[in-house]
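Undergrad: Dropping the sequence and predicted coords here.
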Amino acid sequence: MEDAGERLGLPQITEIELMRRLLSEDLDTDLEEPAVAAGIGEQMLHMGMRPMPRSMRARIRDTCSKLPAKNAILIGGGIGHLAAWLLDLWCGGMDGENSPRNARPETFRIVEPGSRFGVIIDRLIRRYGAESWAKVIAKPWDEVSAEAATERIANVALPEAALQNSLMVPPDLVIIDLPDEDRVTAAMSAFDLIASGGVVLVQEPTVPTGDVGSPEDGQNPTPAQFKVSSFNDWIGLIKKVDDSHSLGFVEVTGGTLVALLRKSSV
């Protein structure tokens, strides 16, 4: 089986160099935000929603441009801000005036539990003419990932109608756009699902500061205590991936993008 470097078109290089190239800025891409995404960003500000930092969105786009993904997933669709960046990459612009910068995936699933937001994303998909391969799944990620894991273990072929609203497993590219408190558990379950040679892209959670104490017996943890527990889970995931697989970090304005790459078990 080919290794990760060969799959990415980068044979015979060290893992460190592979991850450096994967997470590097693509100097051939347009530095301007896609027009559709810019409009969605304005809507988010009016709605009091905080967009992912622009530099993070751009670096995710640049990284995805180097990944020959077959089945891609975006966890956390929101109102389609990051999805617009990715659709612009894979479709070559809303009107197809420019050539796509990267061959599009065969399937792209956007997991967004809010049905109202799902309708907005569905309109975005149609705006790009991508409805034959891109779909919204209006369910929570933990429910979707549990169903996908069960299907993968059972190795059951789903009927065509069911495939429209399910993940195509195993995915080989997962992008996570969730709040800090949901990001770590999503990254853990996504990495369990990812194919050999596949990549999970996620922004590193904010490092907790200060002494928050421990939850008292019978009491739920405070938000600060939950944040510490979640970050400890993040450290555990990083150690797990570093021990048996590959990972890379790149700092951009507004945070750190992390790539978790699953090596072949063969």
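TA: Structure's in. What do you need? Numbers count the residues shown, from 1 in each chain.
Undergrad: what about the closest residue to residue 25 other than its chain neighbours, neighbour count?
TA: With Cβ to Cβ, 6 or more residues apart in numbering as the measure, residue 62 is the residue that lies nearest to residue 25, at 5.7 Å, once sequence neighbours are left out. Bear in mind the C-beta positions are built from the backbone N, C-alpha and C, glycine included. The tally of other residues near residue 62 (other Cβ atoms under 10 Å) stands at 21.
Undergrad: Let me see the ranges of the helices in this protein.
TA: Counting by DSSP state H, the chain forms helices over residues 4-7, 15-22, 35-46, 54-64, 81-91, 115-127, 141-154, 160-163, 180-193, 223-244, given from the N-terminal end onward.
Undergrad: Check the ones you listed for me and report the most buried one.
TA: Of those, the one with the most neighbours on average (mean count of other Cβ atoms under 10 Å) is helix 81-91, at a mean of 24.
Undergrad: Who are the packing partners of that helix?
TA: helix 35-46, helix 54-64, strand 71-75, strand 107-111, helix 115-127 (3 or more Cβ pairs under 8 Å, 6 or more residues apart in numbering; DSSP states H and E).
Undergrad: of all those, which lies closest to residue 257?
TA: Comparing the helices and strands packed on helix 81-91 against residue 257 with Cβ to Cβ, the closest turns out to be helix 54-64 (5.3 Å).
Undergrad: can you tell me the average pLDDT over the closest one?
TA: Confidence over helix 54-64, taken as the mean pLDDT, stands at 95.
Undergrad: what about stretch 166-177, start to end distance?
TA: Stretch 166-177 stretches 19 Å from its first residue to its last (Cα to Cα, to the nearest Å).
Undergrad: from now on call the first residue 642
TA: Renumbered: residue one is now 642, and that last one reads stretch 807-818.
Undergrad: For that stretch, the averaged confidence score.
TA: 91.
Undergrad: Ok, stretch 843-860 next?
TA: Summarised as a single mean, pLDDT over stretch 843-860 is 79.
Undergrad: Pull out the buried residues from it.
TA: In terms of neighbour count (16 or more other Cβ atoms under 10 Å), stretch 843-860 has its buried residues at 843, 844, 845, 846, 849, 853.
Undergrad: Need phi/psi at the third one.
TA: Dihedral pair for residue 845: phi -60, psi 130, per degrees, to the nearest 10.
Undergrad: Contact partners for it?
TA: Each residue near residue 845 by Cβ atoms under 8 Å, 6 or more residues apart in numbering is listed here: 875, 890, 896, 897, 898, 899.
Undergrad: re earlier: residue 658 is nearest to which of the helices and strands packed on helix 722-732?
TA: Scanning the helices and strands packed on helix 722-732 with Cβ to Cβ as the criterion, the closest one proves to be helix 695-705, at 15.1 Å.
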